[in-house]
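Enquirer: Make a model of this:
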Amino acid sequence: MAEEQAITNHYDAIVLGVGGVGSAALYHLARRGLRVVGLDRFPPGHSRGSSHGETRAIRKAYFEHPDYVPLLQRAYDNWRSLEQESNSRLLFTVGLLEVGAEDSELIVGVRTAADKYQLPIESVSRAEVQRRYPGFVVPEDYVALVESEGGYLLVEQCVITFIRMAEQYGAELRIGAAAIGWTCRDGLVHVECEDGHYTAQRLVITAGAWANELLRDLHVPLKILRKHLHWYGLKSPEAYSAAQGSPVFFYQTAAGCYYGFPQLNEANIKFAEHTGGEQIQDPLCVERTIDVAELKRVAGFAESYLPLVDGIAQKHAVCMYTMTPDEHFVVDMHPLCPQVCFAAGLSGHGFKFASVLGEILSDLAIDQCSEMPIQFLRLNRPGLQISSDDL
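Expert: Okay, here's the model as predicted:
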């Protein structure tokens, strides 16, 4: 029996954590013909991590860093390929409205990325915003940009679709047992879980807020923030309806950054504060009640900029951001065990990249290199604040 268990639990590759990026990695590895298993404590599409809450924004003119743009272009292609292969609708390009001061990080960054990669960005007057999007206010000292290719992804459906397609390629999924740790020895990667021992030639770690536990030997300074999502009722559902042309939106204001989505299937819209967040130590024990001070800030944003929101909160959820010091992802191979690769610290803006990060991780796992331009996301970059002694 022990010998049979040992054979059953040996794979070409193991994926630890099958949320947004992990489900994509599982799919790409299985699609390339590997015998692969995905391990996760929670079932697909769960609400205990960072990949839930109905929607995630997607955009190309990336204000955070223009080097993300080639990855986004590939991500769009991969999302569309997944839609076609799975016969699913996952990505909706309803447009993106971005509002901020002329010299704000948001506006400057969007224009920089758009100029560098010739992306279609439209400057829109306050009067034109009012005509097109009557549910939004642009203050006199702010400017507005519209990215027609921006939009949203159905987050849980993306994860579930990746896993369903991975299983069609032969991937296995083991749910309900936590990973305890892993080691490299005897030419294999050994993973200890609550339900047993697994071995493989390759290991992909995509553990989200649990990355600190599984990558502790790298001393990557990851900080976990509790973040809130809110759904509010509407005075005029038509003003925020995706079907009527209402966009995804992002505002950089003096009080912080806020983002949100058009009205989809219910008479409400979802929006949230992107800045801020309460640091937590244990992602398994996150307090999921409303933060009164944060709710006041979000309600104040709506009162100032979303005049046709009725101010009545209908629903609330909590997710987590796993932050790096420079707020850029970490995507690399383990320096002491090149059979192990990982993506961590997506810093609250990573889900849109899941389709391409899964592909990159499959490249790193199989070929130990990738043609995608990820040098600015590797461990040895200056902004990550890791001592060379730790590498």
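Enquirer: Residue 361 contacts residue 340, correct?
Expert: No: when contacts are counted by Cβ atoms under 8 Å, residue 361 is not listed as touching residue 340 (10.7 Å). Where C-beta positions appear, they are placed from N, C-alpha and C, glycine not excepted.
Enquirer: overlap in contacts of those two?
Expert: Common neighbours of residue 361 and residue 340 (criterion: Cβ atoms under 8 Å, 6 or more residues apart in numbering): residue 204.
Enquirer: quick one, which of the two is more surrounded?
Expert: Using other Cβ atoms under 10 Å as the criterion, residue 361 and residue 340 rank with residue 361 on top: 29 against 24.
Enquirer: Now do the phi/psi pair for that one.
Expert: phi -70, psi -30 (degrees, to the nearest 10).
Enquirer: so the nearest residue to it once chain neighbours are set aside is in which element?
Expert: With sequence-adjacent residues excluded and distances taken as Cβ to Cβ, 6 or more residues apart in numbering, residue 361 is closest to residue 25, at 4.4 Å. Using DSSP states H and E, residue 25 sits in helix 20-31.
Enquirer: after the helix ranked longest in the chain comes which helix or strand?
Expert: When the chain is parsed with DSSP state H, its longest helix is helix 69-86. Scanning forward in sequence from helix 69-86 by DSSP H and E, the next helix or strand is strand 91-92.
Enquirer: so the longest helix of the chain versus helix 20-31, what angle?
Expert: Here the directions of helix 69-86 and helix 20-31 differ by 60 degrees (axes from the mean of the first three to the mean of the last three Cα atoms, to 10 degrees).
Enquirer: Counting by contacts, list what helix 69-86 packs against.
Expert: strand 55-58, strand 91-92, helix 105-117, helix 155-168, helix 354-367 (3 or more Cβ pairs under 8 Å, 6 or more residues apart in numbering; DSSP states H and E).
Enquirer: most packed of these?
Expert: Mean neighbours per residue, mean count of other Cβ atoms under 10 Å, is largest over those for helix 354-367, with a mean of 25.
Enquirer: Can you give me the separation between the residue nearest to the spatial centre of the chain and residue 58?
Expert: Geometric centre of the chain, nearest residue: residue 351, 1.9 Å, by Cα atoms, centre = their mean. Computed as Cβ to Cβ, to the nearest Å, the residue 351 to residue 58 distance reads 8 Å.
Enquirer: So for those two, which residues contact both of them?
Expert: Common neighbours of residue 351 and residue 58 (criterion: Cβ under 8 Å, 6+ apart): residue 153.
Enquirer: quick revisit: relative to helix 155-168, how tilted is the helix holding residue 25?
Expert: Using the same axes, to 10 degrees: helix 20-31 against helix 155-168 is 20 degrees.
Enquirer: what element comes up after helix 20-31 heading to the C-terminus?
Expert: strand 36-40.
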